[in-house]
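>>> Next comes the sequence, and after it the predicted model I'd like to discuss.
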Protein chains: 2
Amino acid sequence: MSLQSYLEQQRARIDQELQRLAPPETEIPAVVHRAMRYSLFAGGKRIRSIFCLEAAGLVSPEPGPDIETISCSLELVHTYSLIHDDLPALDNDDFRRGKLTCHKEFGKDNKAFGEAIAILAGDALLTLAFQVLANLPRTPPAVKAALVAELARAAGTVNGMIGGQVADLEAVNGPLSPETLEYIHRSKTGALFCASVRLGAIGAQADAEQLAAITCFGENAGLAFQIVDDILDVESSTESLGKTAGKDAVQKKVTYPALYGLERSKQMAAGYIGQAKAALDPFGPRATRLKELADYLVSRKA
Amino acid sequence: MSLQSYLEQQRARIDQELQRLAPPETEIPAVVHRAMRYSLFAGGKRIRSIFCLEAAGLVSPEPGPDIETISCSLELVHTYSLIHDDLPALDNDDFRRGKLTCHKEFGKDNKAFGEAIAILAGDALLTLAFQVLANLPRTPPAVKAALVAELARAAGTVNGMIGGQVADLEAVNGPLSPETLEYIHRSKTGALFCASVRLGAIGAQADAEQLAAITCFGENAGLAFQIVDDILDVESSTESLGKTAGKDAVQKKVTYPALYGLERSKQMAAGYIGQAKAALDPFGPRATRLKELADYLVSRKA
């Protein structure tokens, strides 16, 4: 199967499971469920879930019946973070993936969801992620607790997603050091990306050695993923990106191209992907698909 | 020991544990940890934790070494909900417990935390609550998973705290029905209050019968708790309340006094407390303290 067909197939599989997990729009109070679903099904590529499933498959050919649900917890957290990041008080973005952001979108009654509902919809998606993991029906309790702990750590303030987001806000207009830049990227995007493959590995009950290799893969691939995001913001058009291109420079965000230039940034991304792939060598040819996915991360155009 | 001394003693015990659980202000990025701690230690009475500890004590004289940590997860969620509720897009409150709200408070650098940091500090406290439960060091994994599931359900959209908050926003200026009012109160405040005693019971490994009795107590006491909040908003001064009094009427919030008048509301609160206490009768004299706490809920002045 071509990589493109494989990505499409996996994405459909994850979307189906997310449809099952998200409360229906008819559930009271409807407006928050509409807002949650609006952002959850706004065209995400499900990269994190796909890496999660692939890492699980690397550990075990039968990674357990709950693995799709586990992978969806990452999309719930990712979507919450996008909704909150797009708010006027944060990045103040009106568009995401070519569609209005949650607080800008108009509901059924022709009234925008607005900031209040967007804040609460984000809160609800974060809460749902942990609820889904804690209620996994066919996973041993110790694994469920480990999954919740891992996701919370990656989403939190200490070397986690919120920490990276705060450091990013703080760094705007400030002096730009390589250490700060790496801290931000490792935390803001890297932590949840790394958690994606770690959740897959933990869900498939990896041993310590397997988990260490997959963590090394995740850390390096996550950093490359964010560097490529920075590069795309410079090189792409708003149309192909689905969000406002060139915004990082306008907002004086700390980025790899701003500190190292485009060429050096591309080399760095390729270097991190090389390290990521090397970490999977102990798995032999079984890791081919995951290595291919890593290459896709740096070659993508949006 | 007098009830007042007991409440003070329990509050100090919970504050000490919260001090241990919250990341230190020196941890990077400092500003979000300062904001989290600012709101976490802004003078909360720790009602939810105290009810949690007491429910646990009712189930077992030795409810397990992690019970204080479990009780603190409720304060983390409660504080997150206050920070987000106070935001300009929601209730737009400048004061809470007589202090500036998180987004209004000035940090060390004489710069207000602002909305962005307040949103992220709230997100972080919610995330931390689940992290703390998933990492309980001396609790069986099945209990940890049950605690996470219970807290997430109570904090969520379906008959949970966020659901109540959204329904409350939606109801402003709309027609006021007894069913809507009860849904809002049961969800917005009642669900987390009921989860307080349920987390205590689950943490102490209650059997099904004990859990059912404690749930009945929690549902009724939680509803009374919110009715008394509504009454205090009408009857108290801003000074004694520590937040803007009379605001519900100005904001046209749906409240018990607005629908039923003050006297009938007081009778209803007393009725619910009576039902709550009756639910504890199977526990005999061991439930005296928890019944006393229930009476305190309706007699309090702030």
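Now that the structure is in, tell me what you want to look at.
>>> can we go C-alpha only for contacts and neighbour counts from here?
Noted.
>>> For A:Gly43, give me the backbone phi and psi.
Per-residue torsions, A:Gly43: phi 100, psi 20 (degrees, to the nearest 10).
>>> Same check on the one 3 residues further on?
Dihedral angles of A:Arg46 (phi, psi; degrees, to the nearest 10) stand at phi 60, psi 30.
>>> Kindly tell me how buried it is, as a neighbour count.
Close neighbours of A:Arg46, defined as other C-alpha atoms under 10 Å in any protein chain shown, add up to 21.
>>> how far away is it from chain B?
22 Å (C-alpha to the nearest C-alpha, to the nearest Å).
>>> Quick check, that residue in contact with A:Val77.
No - the criterion here is C-alpha atoms under 8 Å, and A:Arg46 misses it with A:Val77 at 11.8 Å.
>>> buried ones in stretch A:227-237?
Neighbour-count burial for stretch A:227-237 flags A:Ile227, A:Val228, A:Asp229, A:Asp230, A:Ile231, A:Leu232, A:Asp233, A:Val234, A:Ser236 (criterion: 16 or more other C-alpha atoms under 10 Å in any protein chain shown).
>>> Run through the helices of the stretch 201-302 of chain A in chain order.
A:208-235, A:238-241, A:247-250, A:256-260, A:262-279, A:288-299 (DSSP state H, counting those that start in this stretch).
>>> Now do the phi/psi pair for the residue in the stretch 151-300 of chain A that chain B sits nearest to.
Residue of the stretch 151-300 of chain A nearest chain B, by C-alpha to the nearest C-alpha: A:Ala152 (5.2 Å). For A:Ala152, the backbone dihedrals are phi -70, psi -40 (criterion: degrees, to the nearest 10).
>>> Briefly note if the helix or strand containing A:Gly200 comes near chain B.
Following DSSP states H and E, the helix or strand that holds A:Gly200 is helix A:191-203. No - counting by C-alpha under 8 Å from any C-alpha of the partner chain, chain B has no neighbours in helix A:191-203; the shortest distance is 13.3 Å.
>>> got the contact list for that helix?
Applying C-alpha atoms under 8 Å, 6 or more residues apart in numbering or on different chains, the contact partners of helix A:191-203 are A:48-49, A:51-56, A:59, A:63-64, A:66-67, A:70-71, A:74, A:78, A:139, A:143, A:146-147, A:150-151, A:154-155, A:159-161, A:210-211, A:214-215, A:217-219, A:221-222.
>>> Can stretch A:163-183 be said to contact chain B?
Yes - on the criterion C-alpha under 8 Å from any C-alpha, stretch A:163-183 is in touch with chain B at A:Gly163, A:Val166, A:Ala167.
>>> contacting residues for the second one?
If I follow you right, that is A:Val166. Contact partners of A:Val166, counting by C-alpha under 8 Å, 6+ apart, are B:Pro29, B:Val31, B:Val32, B:Ile117, B:Leu120.
>>> Thought A:Gly156 was touching the first one, still the case?
By that I understand B:Pro29. No - using C-alpha under 8 Å, B:Pro29 is not in contact with A:Gly156; the gap is 11.2 Å.
>>> Settle it for me: which of these two has more neighbours?
Neighbours per residue (other C-alpha under 10 Å) separate B:Pro29 from A:Gly156, with A:Gly156 holding more: 27 against 20.
>>> doesn't B:Ala124 make contact with that one?
Yes - A:Gly156 lies in contact with B:Ala124 (C-alpha under 8 Å); the separation is 5.8 Å.
>>> Name the residues contacting each of those two.
A:Ile162.
>>> for the stretch 101-250 of chain A, which spans come out with low pLDDT?
A:107-110, A:173, A:237-245 (pLDDT under 70).
>>> Flag every residue of it that's near chain B.
Proximity of the stretch 101-250 of chain A to chain B is confined to A:115-117, A:119-120, A:123-124, A:126-128, A:130-132, A:134-135, A:141-142, A:144-146, A:148-149, A:152-153, A:155-158, A:162-163, A:166-167 under the rule C-alpha under 8 Å from any C-alpha.
>>> Quick check: ChimeraX command selecting the buried ones in those residues.
Those of these that count as buried under 16+ other C-alpha under 10 Å are selected in ChimeraX with:
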select /A:115,116,117,119,120,123,124,126,127,128,130,131,132,134,135,141,144,145,146,148,149,152,153,155,156,157,158,162,163,166,167
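>>> Just the ones of the residues of the stretch 101-250 of chain A next to chain B in strands?
Secondary structure from DSSP state E places none of those in strands.
>>> can you give me the strands for the stretch 1-150 of chain A?
Along the stretch 1-150 of chain A, counting by DSSP state E, counting those that start in this stretch, strands occupy A:95-96, A:99-100.
>>> most tightly surrounded among the ones you listed?
Highest mean neighbour count among the strands of the stretch 1-150 of chain A (mean count of other C-alpha atoms under 10 Å in any protein chain shown): strand A:95-96, with a mean of 18.
>>> Could you give the separation of that strand from the chain centroid?
Between the centre of strand A:95-96 and the centre of its host chain there is 16 Å, according to C-alpha atoms, centre = their mean, to the nearest Å.
>>> likewise stretch A:139-159?
Using C-alpha atoms, centre = their mean, the offset of stretch A:139-159 from its chain centre is 16 Å.
>>> Over to stretch A:195-209?
On the basis of C-alpha atoms, centre = their mean, stretch A:195-209 is displaced by 17 Å from the centre of the chain it belongs to.
>>> elements contacting the one helix or strand A:Leu181 maps to?
Using DSSP H and E, A:Leu181 falls within helix A:178-185. Applying 3 or more C-alpha pairs under 8 Å, 6 or more residues apart in numbering or on different chains; DSSP states H and E, one finds that helix A:178-185 makes contact with helix A:161-171, helix A:208-235.
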